[in-house]
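**Student:** what's the 3D shape of this:
(2 chains)
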Amino acid sequence: MEPRQPAPAVAPSQRSEGEVLDAIERRRRRPHVKLMDKQITLAHGAGGKSSHTLTQTVFLKELRNPLLEPLGDSALLQPNGGGGPRLAFSTDSFVVKPLFFPGGDIGELAVNGTINDLAMAGGRPLALSAAFILEEGLATDDLSRIAASMGAAAERAGVPVATGDTKVVERGKADGLYISTAGVASVNRGFELSPAAIRAGDRVLVSGTIGDHGMAIMIARGELELEVDLESDTAPLHELVAALLDATGEVRCLRDPTRGGVATVLNELALTTEVGIVLDEAALPVRPEVSGACEILGIDPLYVANEGKLVAVVAPHASDAALAALRSHPLGREAAVVAEVRPDPPGMVLLDTAFGGSRVVDMLAGDPLPRIC
Amino acid sequence: MRFVDEFRSGDVARQIAERIAGLVEPGRHYKVMEVCGGHTHAIYKHGVEDLLPPEIELVHGPGCPVCVIPMGRQDDAIAIAERPEVIFTTFGDMVRVPASHGSLLDAKARGADVRMVYSPLDALKIARENPDRQVVFFAIGFETTTPSTALTLLRARAEGIRNFSLFANHVTIIPAIRAILDSPDLRLDGFIGPGHVSTVIGLRPYRFIARDYDKPVAVSGFEPLDVLQGVYMVMRQLASGRNEVENQYTRVVREEGNPRALRAIAETMELRTSFEWRGLGFISQSALKLRDEFADWDAEVRYELPGVRVADPKACQCGEVLKGVIKPWECKVFGTACTPDRPIGTCMVSSEGACAAYYNYGRFARRRGREAEIAGLEPVVREPASA
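**Tutor:** Numbering: from 1, shown residues only, chains lettered A, B, ... in the order given. Just a heads-up that it's a prediction; the model follows:
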C-alpha cells in the first residue's frame, strides 16, 4: 500500500510564520482594483469578501463620489447648502425565497429593511418608495397579501410608502417577485454616527439574539427537513435607535447586521477604523434553536443574517446606559455587550472562545456553505 | 445547548490541560497527528492549541474528504454537470473547489444545473421529482459518508429509480494513514483517530498502528473537549510507554463499528485497485467503486468522462500539508496567491482543510503564542474572565 508515485520534494517557503501573517494582513488591506472573476456567481451576493470586491471594483470605481464613498447603510445629504437637518437616503432590494416565511414575508421585509438602513444613520424615516418586479404567473392573491403586509408594516412604523413602480417580466425571469425599496429620513441630532469616531476601549452591543432571520429562512425553504420553531426577527428599528440615542450621546456608530451577519459588520468596522475588535463568545446572545440548527449545518451564527437587530459601538462609560436603554425597549430586551474595541490587532476581529482559546473571525469567503461531516 | 455545551466547558478544559502539561517530559517535543479534518476544524474554531503546552504540536492529517479529491476527478465532475440533461447534486463544500477550468460554482454560473444537498437521499428525491432529467450525486467522503451513499443506492434500486446515478469518489482512511506512517518525511508520536469513521469501521483497523509502528492512538470525538481528552490519552500512553488503540469517543464508537453500515457498503461497493489522492499520488486499494450489479447507477459507466490525470498546480503544496509534512503557512502560496476567497488548493476550500482552518481561525492566536515564546514568556493560557 505504498504510494506508487513519490511525492514531490518538499521545498517549504523561506518565509517565517510572522512574515506570512504580515503579508496576509497587508493583502487584506490592499484596496481591490480589479474584479478577477469572469462572471457573477452567487458568492458576489453573499455579503462577504466577494460582495465587497464587487462593490469596490465595479460600482465604487464607476460611480465614485463623496456621498457614496463611505459605503454606509445610507448616504447623508445636506440639502439647501447646510444649516437645516440633513437627509439620510438609502435603498435596498429583496429577493428572498420563499416569499412567505415564519415571522414575515417579502413585503414586510422590504419596508423594515430600508427603514433600518435609514435608522442606522440616526434618522427619522420620512417616506419610502417601492418598486415591484413581478413574474408572469404570480398569483394575484399572493401579491395582494404581500401588499397588505407592506401596508401594515408601513403603518406600524409610521412611515408611508409615498411612491412606487411596477414591471412584469416573462415566466422564469424572476422568482415570483422582487421588491426594491428606497427611503429618506431626516437626521436632526447634534452628533454624527460614524465609524471614524470609534476608539480603543469602546464597547460593542447587539440589540438581541443573532442569526434568527437567516436561519428561519433556511429552515422555511424546507430543503433541510429540520423541524425548528423559529421566526424571522424582521422589525423596524428606528424607535429602538431613538431610545438609544436619547439615553446617551456617546454612541459612536450603528450598523444593521443583515446579510453577512454580525461578523461581516464588525470586520468592516475594524478594517475602516484600523482597530481590533474582540468578541466574547460566552456573551453572544443566540437562541438555542439557532445554535442547534447552525451546529447541524456547520454554519456560524455570527455570519447569519438579521433583519431586526442592530450593532452599536458606544464609549466605554456609556455602555451601561446604552444597554439599559436597549433592554427597556421591546425590540432590545435581549441586548448584550458582546465585544470590546482594542488598539491591536488593527483591522482584525477576534473571538475569545467559551472553551478558553481564541480565534480570528474573518470576513466570509463565498456562501455560508455547510460542512459535510 | 444541551449535549453540546457540556463538551465545550472552559473549566473542564483547564483541568485536562493541566493534566496534559503534567505529562510532558522536559525537553521533549511531541508531534500528535489529528487524522480527521473535523478535528482540525474544532481545534482552530475553539482555540484548542491555546490550552496546550508549547512542547505539544498538533499535526494536521489527511482526513479532509474534500481536500483529497484530485483535480482530474473534479474536472470529470464538472464534465458531468455541464451535460444539459443532468442535475448535478453535491455537498456544498465541493462547489468552490478549483478544477482545470474553474469550479462547479463557475459551471453553475455558466448554466449548469448544480444543486447543493445535505444528503444523497435529497439527491434521490430530486430524481423522483424530475423524472425527465438525469440526477447525478457527487459521492465523496471517507467511511463516514459511504454508508449513506450505499443506502441511497439500495433504495434507488428498490424503487427502480433509473434517472439517478452516483459519481463515486469514496476513499478509505487506513491506506492513507499507512502511507503517512511509511513516509520518511515525518516523525509522529501518536494519533488522534477519526471518530466518525470509527463509528462505521470500529477500532480493529487501527491496531496495526500500535502493533507495527509502535504509536498510540486515541479515537476521539469532535467537540473541543473530546480532542483535548484525546491528546491527554495519547500523552498518558506515551508517558507510560504503552502503544494501544484507545477509545475516547465511547458515547458513539463501538469496538466492532457498525456491522449494518459495513454490510451496506460491502453489498454495493468494492475496492478500486488504485486511486489517486490529491498530493499523495496513487494509493492502492484506497477507494471504492460501485459493484457491477449497480452499473446502471454508476455515473462512470453511464457517461463518457475525460478521466484525465491532471497535475496539481505547481505552486500548490496541498500534498505536503495533507501529510502534515509542512504547516499551512509554510506553503509558498499560502495567504498570497491562495486564499479562501480565491483558493488554488483544496486545503484552502473546505472548512475542514488545514489551510482554510488556519487562515480563517488560527492566524492570530498562533502569532500571539509565537510572540510570547520569542519574548521568553510563559505560553499563553488565558485566565477565565469570571475568576
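
**Student:** before we move on, what SS does the residue of the stretch 101-250 of chain A found nearest chain B have?
**Tutor:** Using C-beta to the nearest C-beta, the single residue of the stretch 101-250 of chain A nearest to chain B is A:Leu224, 6.3 Å away. Where you see a C-beta, it was placed from the backbone N, CA and C, and this is true even at glycine. Under DSSP: H, G, I helix; E, B strand; the rest coil, the three-state class of A:Leu224 is coil.

**Student:** ditto for A:His32
**Tutor:** coil.

**Student:** likewise A:Val159?
**Tutor:** Secondary structure of A:Val159, per three-state DSSP, is coil.

**Student:** if I pick it, what's in contact with it?
**Tutor:** By C-beta atoms under 8 Å, 6 or more residues apart in numbering or on different chains, A:Val159 lies in contact with A:Val111, A:Ile115, A:Pro125, A:Leu126, A:Ala127, A:Leu128, A:Gly183, A:Pro236, A:His238.

**Student:** which residue comes closest to it once chain neighbours are left out?
**Tutor:** The shortest distance from A:Val159 to any non-neighbouring residue, by C-beta to C-beta, 6 or more residues apart in numbering or on different chains, is to A:Pro125 (4.4 Å).

**Student:** okay, and the beta partners of that neighbour?
**Tutor:** A:Ala185 (DSSP bridges).

**Student:** so what's the residue count around it?
**Tutor:** A:Pro125 has 25 neighbours, counted by other C-beta atoms under 10 Å in any protein chain shown.

**Student:** again with B:Val308
**Tutor:** Neighbours of B:Val308 (other C-beta under 10 Å): 11.

**Student:** re the thing from before, from the contacts of A:Val159, which ones fall inside helices?
**Tutor:** Those of the contacts of A:Val159 mapping onto helices are A:Val111, A:Ile115, A:His238, per DSSP state H.

**Student:** what is the nearest of those residues to A:Gly190?
**Tutor:** A:His238 (18.0 Å; C-beta to C-beta).

**Student:** mind checking pLDDT for B:Glu49?
**Tutor:** Here, the pLDDT recorded for B:Glu49 equals 92.

**Student:** what do you get for the one 3 residues further on?
**Tutor:** The predicted local confidence for B:Leu52 comes out at a pLDDT of 94.

**Student:** relative to A:Lys49, how far out is A:Glu62?
**Tutor:** 20 Å (C-beta to C-beta, to the nearest Å).

**Student:** whichever residue of the stretch 251-373 of chain A sits closest to chain B - how many residues pack around it?
**Tutor:** Nearest residue of the stretch 251-373 of chain A to chain B (C-beta to the nearest C-beta) works out as A:Gly357 at 1.6 Å. Around A:Gly357 there are 28 other residues, counting by other C-beta under 10 Å.

**Student:** A:Gly261 now?
**Tutor:** 27.

**Student:** next one: phi and psi at it?
**Tutor:** Main-chain torsions, A:Gly261, degrees, to the nearest 10: phi 70, psi -170.

**Student:** low-confidence ranges, chain A, go.
**Tutor:** A:1-13, A:82, A:366-373 (pLDDT under 70).

**Student:** the domain parsing of it - what is it?
**Tutor:** A:82-187, A:195-360 (automatic domain parsing).

**Student:** among these, which is the most enclosed?
**Tutor:** For the domains of chain A, average neighbour numbers computed from mean count of other C-beta atoms under 10 Å in any protein chain shown are highest in domain A:195-360, which has a mean of 21.

**Student:** skipping adjacent residues, who's closest to A:Leu128 in space?
**Tutor:** That would be A:Gly183: by C-beta to C-beta, 6+ apart, it lies 4.3 Å from A:Leu128.

**Student:** quick one, what contacts that neighbour?
**Tutor:** By C-beta under 8 Å, 6+ apart, the neighbours of A:Gly183 are A:89-91, A:114-115, A:117-118, A:125-129, A:159.

**Student:** looking at A:Glu62 and A:Lys49 now, which is surrounded by more residues?
**Tutor:** For A:Glu62 versus A:Lys49, neighbours defined as other C-beta under 10 Å are more numerous around A:Lys49 (24 against 7).

**Student:** contacting residues around the more buried one?
**Tutor:** Counting by C-beta under 8 Å, 6+ apart, the residues that A:Lys49 touches are A:Met363, A:Leu364, A:Ala365, B:Pro340, B:Asp341.

**Student:** recalculate using a threshold of 7 Å.
**Tutor:** A:Met363, A:Leu364, A:Ala365, B:Asp341 (C-beta atoms under 7 Å, 6 or more residues apart in numbering or on different chains).

**Student:** counting neighbours, what do you get for the first one?
**Tutor:** As a burial measure, A:Met363 scores 24 neighbours (other C-beta under 10 Å).

**Student:** hang on, it packs against A:Gly48?
**Tutor:** Yes - A:Met363 lies in contact with A:Gly48 (C-beta atoms under 7 Å); the separation is 5.2 Å.

**Student:** returning to that earlier point: surely the residue of the stretch 101-250 of chain A closest to chain B meets B:Val117?
**Tutor:** No - the criterion here is C-beta under 7 Å, and A:Leu224 misses it with B:Val117 at 10.0 Å.

**Student:** quick one, phi psi at A:Thr248?
**Tutor:** phi -150, psi 140.

**Student:** again but with A:Arg342, I slipped
**Tutor:** phi -130, psi 160.

**Student:** show me what contacts it?
**Tutor:** A:Ala200, A:Val275, A:Gly276, A:Val278.

**Student:** before we move on, the earlier item: for the contacts of A:Lys49, which PyMOL command selects only the ones that are buried?
**Tutor:** To isolate the buried ones among the contacts of A:Lys49 in PyMOL, judged by 16 or more other C-beta atoms under 10 Å in any protein chain shown, type:
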select buried, (chain A and resi 363+364+365) or (chain B and resi 341)
